[in-house]
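Novice: I would like to see how this sequence folds:
(2 chains)
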There are 2 protein chains.
Amino acid sequence: MKLFSKRTAALVTVAGIGLAAAASAWSAESLQDVMKRRGLSQQDLLAASKTYVPTGKRDDFVAFSSGGQSGQVIVYGIPSMRILKYIGVFTPEPWQGYGFDEESKEVLKGGRIDGKDITWGDTHHPALSETNGDYDGQFLFINDKANPRIAVIDLRDFETKQIVANPIFKSEHGGAFVTPNTEYVIEAVQYPAPFAKKFVPLERFNEEYRGGVTYWKFDRKAGKIDVKKSFTIELPPYSQDLSDAGKGPSDGWSFTNSFCSERYVGGIEKNRPPYEAGCSAKDTDYMHVINWKKAAELVAHGKATKVNGMDVISMNTAVKEGILFLIPEPKSPHGVDVTPDGKLITVAGKLDTHVSVYSFDKIMAAIKAGKFEGKDPYGIPVISMKDTLHTQVQLGLGPLHTQYDSKPCIAYTSMYVDSQVAKWNYCEGKVLDKINIHYNIGHLMTMEGDSAHPKGRYLVALNKLAIDRFNPVGPLHPQNHQLIDISGDKMQLLYDMPIPLGEPHYVVAINAKTLKPGIRYKVGTNSRTDKPSAGATHAGEEKTVKKPGKVEVFGTLIRSHITPETIEVTKGDEVTIHLTNLERAEDETHGFTVSTYNVHASVEPGKTVTVKFKADKEGVFPYYCTEFCSALHLEMEGYLLVKPKGYKEVKVAAAKADYTKADYDKQLKKIAGTQAVIDSVVGFITSHNYKDFPDVVSLVEDATDQLGRMKESKAKHEEAAKKGDWQQATLWAEQVFQYQVKAADIGLRAKTYLEEHGAKKVGK
Amino acid sequence: MKLFSKRTAALVTVAGIGLAAAASAWSAESLQDVMKRRGLSQQDLLAASKTYVPTGKRDDFVAFSSGGQSGQVIVYGIPSMRILKYIGVFTPEPWQGYGFDEESKEVLKGGRIDGKDITWGDTHHPALSETNGDYDGQFLFINDKANPRIAVIDLRDFETKQIVANPIFKSEHGGAFVTPNTEYVIEAVQYPAPFAKKFVPLERFNEEYRGGVTYWKFDRKAGKIDVKKSFTIELPPYSQDLSDAGKGPSDGWSFTNSFCSERYVGGIEKNRPPYEAGCSAKDTDYMHVINWKKAAELVAHGKATKVNGMDVISMNTAVKEGILFLIPEPKSPHGVDVTPDGKLITVAGKLDTHVSVYSFDKIMAAIKAGKFEGKDPYGIPVISMKDTLHTQVQLGLGPLHTQYDSKPCIAYTSMYVDSQVAKWNYCEGKVLDKINIHYNIGHLMTMEGDSAHPKGRYLVALNKLAIDRFNPVGPLHPQNHQLIDISGDKMQLLYDMPIPLGEPHYVVAINAKTLKPGIRYKVGTNSRTDKPSAGATHAGEEKTVKKPGKVEVFGTLIRSHITPETIEVTKGDEVTIHLTNLERAEDETHGFTVSTYNVHASVEPGKTVTVKFKADKEGVFPYYCTEFCSALHLEMEGYLLVKPKGYKEVKVAAAKADYTKADYDKQLKKIAGTQAVIDSVVGFITSHNYKDFPDVVSLVEDATDQLGRMKESKAKHEEAAKKGDWQQATLWAEQVFQYQVKAADIGLRAKTYLEEHGAKKVGK
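Specialist: Just a heads-up that it's a prediction; the model follows:
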């Protein structure tokens, strides 16, 4: 058998085979052959051409979707509909180390309720931060319906940075929605309950159960919700639902609809009609119209009272101060959606066949004129529907949500019962087109379609049932997000996307170019606080600090070793391991776990992560890198040794090494041979205009970095050789070779990149 | 405002708009226009046409992928590369209720180590069950490297049914691999450690640290691993890695390779060369050749000894009985892959440029002749490489894994350092083609490519780095699975698929038609045991059983109510809620949670699920359906009332209802109007050949079921009306209407289906 070092020269040539032959490979089967074989129509081909994103190309839009009961956020590209990432939010997620390292445990701790961990969430509505009503690509917010909470995700690194729990709500479906400059994140009660943490009989529902809307103050500079500056408006027990903030002329106001304004209490087990009957008996529910800017002033002027630590404006105060009004809206509405210009508000009642478009001007006129049709049982003024309606348009069965187009006056509304999307004109009140979806659509979403400047082009139908659309995967089906082309007059169905985990409720999509995520952290960063970590460690400064009952390790990670490679502790010790990833190259993430101790960390370039556990069992526990990082990834390992208490060290001689000078000389030959390959690759790169390709420049930097690391190992093997220590000499020489392999790996990627991107020879 | 009942006739016509216009919509932009606008080449279009799966069509193959550190399994379709499902395996996953209901908690309990929960896993190698060496589509197995465990997934419902923990290993990378009739699931140690749960100094590595291979006995009828009939073979501390079972002529044998047969112990913090250098210093490691059939007989004959409850065959016994041999294999190998005919074994050493193909016949001949080149330090006979090699083929840098084609003699090998896949002929020892991938491939996979009858057509490259392939999503990148067409002479790159969660290591793909998953359970099934649940409840038999300190609810779920709608308990009670989903319709899953009590269940049609918690806080806690199941899904709610201890019931009058006869009469009119729509839809369906469409027959059954439920509500509203109880009359009438809405929803889907599938009028 001949080895690497002896064959390398030949290889550089062999590696070219695939490339040379590639062009001719494609002629084997024609497009017509493929269409016939796969049963594709011309329409299918057109749809394929509109959604396919070739290797190395990017999607135009990035969508952030609720992960439903998975408790996570789904990120996918449009039009390819490829899922790019699941972000751990409310549920611990080990790939990201989320809930398995100390930094992220702190984030999850913020989401505790009544002092207890909640290890999942029922996410519903993601919201992107806005500046002047447009998406700015900085932050994402998402709610938890089951355990009323809001999470903040930083879009520089797509990590969850904060979770806040609502201290007075028991559930909330209608969140998160932001005001036009992300001053506040809006969250509304779903199922009314007493604000106080006490039992109140259901017979006191009308008197003591309450709804409400919380306005969470967002501190953009800190990237965090400022709990102390947040407040809630007490509302009747009407099952508040979704909200939307006004913008432009309606900025300063927000709109929240409701269902079950019947205030019905079910009890089918007692032969009472169930909630579904009692909550949909009447023809109208109420839209809540709230002046949040004035509400914030009221709080500042001490007009709120503290309930469980939260500033609450009572209904009485809200009515007295003129910041809260109701307008009847059609039966059991889902969406309330402000038009891009901020002038109109669209509501669809799911048990009514219309969309109802309200005029903000008319609402203001009625308020100004004090023209109300009456008051609700809580004394809140009710403005009449007819005084405020701009238009009503009959669409079909089960209309739910509306989004807007880049074209003026064009809106799209989902229809659950009809399993359709309707395109209609809200200025003229005219239906323009309908398209069937598969099946039973909930939300729908157009590109930046709830911002001040929708981008048009695509619509995604978030279908609640997939039924027969995909290969069967057992009784629990994926959902089906269908991509629809809305660039023309008629809508075109382009793509069916199964959702493999959780039930998304709503999704927002942003122009991909607006996002500017980073690819590395400043070395030693705690990514959850965005501050330097106390455990940050530089190369060569690794150490293990022992105190009674405690062992603290300051370690580092780099291709392909963990420093330290042995950690010795005593049973019962609290073990803290800080690890800093010293890499600077893109995508050079390392992972870390200790066998059976239930800790895991994902350590991206520059990050410092801490894992902590009690070494409560004696024995030998391997630890290793969990992210395949390099050819020698499996060898990126170490041992945690947990000794029994009172263990007496016994001097044991380790097994003898059996390396000779011949072994060392063989290594030197291998190194020389490998260097020849590297030189040849370097020659190729530098003889081309590689500096015109930023990705290649990065690769060259990374390769140079790897080669730079050889120096220290080279000094060590030469010194050992001088002393005749052939084990040390041979192994440090092997380490030089390992750095060469890493450099060759990167160099070959750079060479291929240049070949595939038509690099030119310098000077030709 | 006019309501549903008054507009329904018109709607049936309006609903047709989308369809009529659809055909012309597609002419708006030509294929050439789209290609130009999106910058697609002819090759891109061909690739798109080979991967696009139109709405309603199915993928040809279903892939089961390791979810890496997510602890889950990923299911995706080929060639569309759409992810169909994440299956909860080692990590709690709330969407599936996995780890949040009692039934699945029992499964996770099986994976406890040293009495403690492990809430994640580092999954590596999925394996499909086999019959005669071919995939039979019944079960899937997957391992956990960090916490040596194996999980069993039943492919009838894609649920995890069992987790077993290895009592003597501390880590295992090389699992799961099955024998040709799934007699055993093979799992090998990764990092050697003492079998006993005690500390042993690293200086005693050679003497007391051990590797090993466990053969887990699989009981196909029970669908479970039979721990008592499983056994382990003790092996030297060589870092055993992947395995493969022989088949055909080599059935009864298995092959396990290794790295770090140097038995090197690192310590870079003590200025020793790191593991990566010491573990790759020598030119060869060892392939372990094991006669597992004879090993099983030895165990049956009492030749094993129990270690932590596991039957272990010592190295001495294995050598003495002639069931264990070693063969040198090239430097730091990853894959060991038996050819479809079972005659050859391919190994790639990642620091060697070759694949080495061993002949099983030659191995047997050497063993028979007693021809060994020596013994390893543990007395295991070593067969020489040259006596057993069939051929060696030089491929390139960093070769790792090999898979096979449907065409004879054709194999594909991944090359990590070269970032390429090589196609080669293992009979003639010839390289045929190479293709670049992006970037740094680990495993690769062809369709059923490790079975006795590979299906060819596609290859998936599991690339460890994606770097610049996708829209950026922060420092933590997705991985990139690239789909390659292998049907022609030359490989063609078709598709880049980002992996959004976890790092897959290996994936297996099966012909989609071999899978036969169900869509519903027998009513009242505990899906994790596949037996009737003790909590199963039939419609009308719901009840709440109270005992001192305990409340047990036997409830049901159906569109759109939970029975019961109120649960009253006392603070401190242990609350157990059993819920049976009474639905029979495909995809009619309900979910269940109680606000802030950290429980969640996914209840597919027929399933019974149990959630349990201590009601340790007083108050009012809404519960609700978490899976959007119907138009009135949000109203599928109830209240858990937790009263303080010693609470004295106070008779409180509930708020008065204000319904009148006029309300009731309005309901009757609405019902009549809606019935007209339903009749019209039913008329459309029955006037067409709907019985020729099984999906429509299912829908009709479901709709009929919903309409059938009306009877009881109708009787109730008529009885209440007789008594002049207008609240009860109006609300039960509303319930009739709700059943109508559900029936209309289903009927409209059926109508659309018939229209889209070219149903014909009966008798025409």
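Novice: Which residue ranges of the stretch 151-300 of chain A form strands?
Specialist: With DSSP state E, counting those that start in this stretch as the criterion, the stretch 151-300 of chain A has strands at A:159-165, A:174-178, A:184-188, A:211-219, A:224-235, A:240-245, A:253-258, A:284-291.
Novice: same check, this time on the stretch 551-700 of chain A
Specialist: Secondary structure of the stretch 551-700 of chain A (DSSP E, counting those that start in this stretch): strands located at A:561-563, A:566-570, A:574-581, A:590-594, A:600-603, A:608-614, A:619-624, A:637-643.
Novice: didn't A:Lys751 look like it was pressed against A:Ser680?
Specialist: No. Counting by C-beta atoms under 8 Å, A:Lys751 does not reach A:Ser680; the two are 9.4 Å apart. Glycine gets a C-beta too; all of them are placed from N, C-alpha and C.
Novice: between those two, which one's more packed in?
Specialist: Applying other C-beta atoms under 10 Å in any protein chain shown to A:Lys751 and A:Ser680 shows that A:Lys751 carries more neighbours, namely 24 against 16.
Novice: That one falls within a strand, correct?
Specialist: No. Counting by DSSP: H, G, I helix; E, B strand; the rest coil, one finds A:Lys751 to be helix, located in no strand.
Novice: ok, now how distant is it from B:Leu395?
Specialist: For A:Lys751, the distance to B:Leu395 equals 17 Å [C-beta to C-beta, to the nearest Å].
Novice: next one: A:Ala304
Specialist: In this view, A:Ala304 and B:Leu395 are 72 Å apart by C-beta to C-beta.
Novice: More neighbours: which of those two?
Specialist: Neighbour count, other C-beta under 10 Å: between A:Ala304 and B:Leu395, B:Leu395 has more, with 27 against 21.
Novice: can you pull the pLDDT of the more buried one?
Specialist: Confidence at B:Leu395, expressed as pLDDT, is 96.
Novice: Might one say that A:Gly71 is in contact with A:Gly111?
Specialist: No. Distance between A:Gly71 and A:Gly111: 10.2 Å, which falls outside the contact criterion (C-beta under 8 Å).
Novice: Quickly list what's touching both of the two.
Specialist: Common contacts of A:Gly71 and A:Gly111 (C-beta atoms under 8 Å, 6 or more residues apart in numbering or on different chains): A:Phe90, A:Gly121, A:Asp144.
Novice: Could you count how many residues lie near the nearest residue to A:Lys516 once chain neighbours are set aside?
Specialist: Distance criterion C-beta to C-beta, 6 or more residues apart in numbering or on different chains; nearest residue to A:Lys516, sequence neighbours excluded, is A:Gly137 at 6.7 Å. By other C-beta under 10 Å, 20 other residues sit near A:Gly137.
Novice: who does the closest residue to A:Val553 other than its chain neighbours bridge with?
Specialist: The spatial neighbour of A:Val553 that comes closest, neighbours along the chain excluded (C-beta to C-beta, 6+ apart), is A:Ile577 at 4.5 Å. In this entry, A:Ile577 is beta-bridged to A:Val553, A:Val611, by DSSP bridges.
Novice: got it, and A:Glu568?
Specialist: Judged by DSSP bridges, the bridge partners of A:Glu568 are A:Leu641.
Novice: surely it meets A:Tyr647?
Specialist: No. A:Glu568 lies out of contact with A:Tyr647 (C-beta under 8 Å); the separation is 9.8 Å.
Novice: more neighbours, these two?
Specialist: Counted by other C-beta under 10 Å, A:Glu568 and A:Tyr647 do not tie: A:Glu568 has more neighbours, with 19 against 15.
Novice: Where does the one residue sitting closest to the centre of chain A sit, in terms of helix or strand?
Specialist: Per C-alpha atoms, centre = their mean, the C-alpha nearest to the average position across chain A is that of A:Ile87, at 3.7 Å. Assessed by DSSP states H and E, A:Ile87 sits inside strand A:83-88.
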